[in-house]
Every structure is written in C-alpha cells, then in structure tokens.
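K.L.:
Structure here, sequence nowhere to be found:
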C-alpha cells in the first residue's frame, strides 16, 4: 500500500496563490493528499471556505456533492479521499533586518485576541499598499489602491498582486521584470511594512492553541551559526517544529535541517509552498516533482495543538 502524503504549506487566492480555497480542496483530492494546511500570508480569511467545503464532501453530508473544479458529481457508492484541511497561517516577520516566516498549524482561527491582532496587520498593510500605489503613479503607472482591490477581490494584497497588475496591464513583460523594475526589495516603488518579530509570531500562534513552525530555513541563506542562534531563541519562546522537507531543498540541506531539529528537539514539518501559477512548475504535494511529506508526520504535530 502506498504511504499517504500531506502538504503543510499551501497558499490560496486569499493571499498570493491562484487557486481559491475551494479549488485547493478539489485539487488535493485529485492529487490524493490525505491532508493539507492552508497557510495564507498573515490571514485566515480562506479557512472557513476550505474547511466548510471539505466537510460538505464527507460521506453522509447533504450540503454538497459536486467538486468545484471538475463539475463532476461524486457518486454515493464511491468515496474519494477527502483531505483534512488544517487551519493554518504564515506570518511574515523580521529578524535582524531579514524576512523570516513562521507557519502556524492547527490554530484556533476564531480566537478573538488572535483575530484582533491580525486586523492590526491588515491595517498596517493597507497603509503600506496605498503608499506603494502613490509611488507607482509617480512612476507613470495608472493604478489606484481601489483598482488593485477590484482586480484581486477577497485577497490580502501582496507584492505579487502588484506584479500581476503590472503584467496584466502591459507595463511589464514578466513578473520578474515587475519586481526588478518596480516592487522588489531594492526597487523604487517598494515600501517596507511594519512586521512582527519571529518571537511575537510564535507567541501569537501558541496563544491561538496552534503549533508554530519555522518555515523553509534554508531560504534565509544564513550562516550555520546564525541559523542555530535563531532556532535556539525561537525554541526558548515555544517553537515546536521546523520545515525540514521543502520543494527546493537538496538532500544535504534536508539532512542539515533534520539535524538542527534533532539538536533542539523540534518536530519535522514539510510542504510544497504551493502558489498555483504564481510559482510555475511547483505543484501541490510534490513540489518540483520529488517532494514527499509523509502522513506519519501529522500525528505528533496534531498532538501538540490545544485545538485537537
């Protein structure tokens, strides 16, 4: 029997992915995933849709029998694998001037304190986006914040949306050009936004009963010593896991992060970081073709959540 696989790092249209939460459930079924975590950037807006839709597909449910992507009716005598949708989030944080991402799994996304703090992030992001629109206007781009919201409804606006807008309206020929010329870290229309620290993100996730995970540490290109220091600091704060299985990791990099996990008694997590068309060639569950996150990793992670 083939070992079941999962994906604990996935994005939807509610942040910078191109699949809706409902489409992700359908696609996860098509891919045969046993579970996936919806971990949109700094928002939980897509969780209700994804979880509710998955529940409607469970045997015995009367609230829905049709998949949103295929349009095919699920016969009563056949039960496709309906994946568990894990409520999650990915916080964008800053550590010594560098972006660090913290994933939260099995969070209580209805927690009032948690939701209130997320709203503060939304307000901060909105102010920053308005400033970026003004800079783009000064650069000759016909754009307003309202136009951006209309083009990408129900989304937490990120720089990927700006890049898509510029591409869609003929100002650039590729997403890369949009970042290089306009909205990348060193580009003239980039405005940094206020971010929480990794420690604050870990604390927020714990307060919401979730499991904090250090996301894709290899991508930070830190020295071994600096990454060790970061991991140690976060472990002292309550970090539970680390992403040791990831789409872009080479075998020796996975071994490095597994060793770090063992040193600090951290659980192993893993995911594709699926964004749909915004990351061409990177697929749900399988990354660039060789990713495999075993279902066996899920039980110890779930056991550390206060919500399971």
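P.N.:
It's in. Note that the structure is a prediction, hence the values are computed from the model and not measured.
K.L.:
For the longest strand seen in the chain, enumerate the helices and strands it packs against.
P.N.:
In the chain, assigned by DSSP state E, the strand with the most residues is strand 84-95. Using 3 or more CB pairs under 8 Å, 6 or more residues apart in numbering; DSSP states H and E as the contact test, the elements touching strand 84-95 are strand 5-10, strand 35-38, helix 47-56, strand 98-105, helix 198-207. All C-beta spots, glycine's among them, are computed from the backbone N, C-alpha and C.
K.L.:
partners of the shortest one, with directions?
P.N.:
Paired with strand 35-38 in the same sheet, following DSSP bridges, are strand 5-10 (parallel), strand 84-95 (parallel).
K.L.:
And that strand, what's buried?
P.N.:
Buried positions in strand 35-38, judged by neighbour count with 16 or more other CB atoms under 10 Å: 35-38.
K.L.:
Please apply the same query to the third one.
P.N.:
Buried positions in helix 47-56, judged by neighbour count with 16+ other CB under 10 Å: 47, 49-51, 53-54, 56.
K.L.:
Let me know the secondary structure of residue 160.
P.N.:
The three-state assignment at residue 160 reads helix, by DSSP: H, G, I helix; E, B strand; the rest coil.
K.L.:
Tell me how many other residues crowd it.
P.N.:
Counted with other CB atoms under 10 Å, residues neighbouring residue 160 total 23.
K.L.:
Apart from its chain neighbours, what residue comes closest to it?
P.N.:
For residue 160, ignoring the flanking residues on the chain, the nearest one in space by CB to CB, 6 or more residues apart in numbering is residue 16 at 4.0 Å.
K.L.:
who's in contact with that neighbour?
P.N.:
Counting by CB atoms under 8 Å, 6 or more residues apart in numbering, residue 16 makes contact with 41, 155-156, 158, 160-161, 275, 278.
K.L.:
Now with 6 Å, please.
P.N.:
Residues in contact with residue 16 (CB atoms under 6 Å, 6 or more residues apart in numbering) are 158, 160, 278.
K.L.:
Go through those and name the one nearest residue 305.
P.N.:
residue 158 (27.0 Å; CB to CB).
K.L.:
pull the helix or strand with minimum mean pLDDT from the chain.
P.N.:
The helix or strand of the chain with the poorest confidence is helix 112-138; it has a mean of 91 (mean pLDDT, DSSP states H and E).
K.L.:
ok, back up a step: grab the two from the buried residues of helix 47-56 that are most spread out in space.
P.N.:
Across the buried residues of helix 47-56, the two lying at the largest distance from each other (CB to CB) are 47 and 56, at 14.7 Å.
K.L.:
Ignoring the adjacent residues along the chain, who's closest to residue 218?
P.N.:
Nearest non-adjacent residue to residue 218, counting by CB to CB, 6+ apart: residue 253, 4.8 Å away.
K.L.:
What residues sit buried inside the helix or strand hosting residue 255?
P.N.:
According to DSSP states H and E, residue 255 maps onto helix 251-263. Within helix 251-263, the residues that count as buried by 16+ other CB under 10 Å are 254, 256-257, 260-261.
K.L.:
re the thing from before, just name the closest of the buried residues of helix 47-56 to residue 119, please.
P.N.:
Using CB to CB, residue 47 comes nearest to residue 119 of those, at 15.4 Å.
K.L.:
how close does that closest one get to residue 140?
P.N.:
39 Å (CB to CB, to the nearest Å).
K.L.:
How about residue 7?
P.N.:
According to CB to CB, residue 7 stands 41 Å off from residue 140.
K.L.:
again, but for residue 291
P.N.:
Distance, residue 291 to residue 140, by CB to CB: 41 Å.
K.L.:
Which one's more surrounded, those two?
P.N.:
Ranked by neighbour count (other CB under 10 Å), residue 291 and residue 140 place residue 291 first, with 23 against 7.
K.L.:
State the distance from the more buried one to residue 5.
P.N.:
Per CB to CB, residue 291 is found 9 Å from residue 5.
K.L.:
in stretch 106-120, what's buried?
P.N.:
Buried-residue list, stretch 106-120, by 16+ other CB under 10 Å: 106-109, 111, 114, 118.
K.L.:
quick one: which two of those are the most distant?
P.N.:
106 and 118 (16.5 Å).
K.L.:
Number of residues surrounding residue 304?
P.N.:
Residues lying near residue 304 (other CB under 10 Å) number 17.
K.L.:
what does the one 3 residues further on give?
P.N.:
Residue neighbour count, defined by other CB under 10 Å, stands at 16 for residue 307.
K.L.:
Please apply the same query to residue 305.
P.N.:
A total of 21 residues lie near residue 305 under the criterion other CB under 10 Å.
K.L.:
With residue 294 instead?
P.N.:
14.
K.L.:
okay, it: pLDDT?
P.N.:
Note for residue 294: predicted pLDDT of 97.
K.L.:
Great, nothing more from me.
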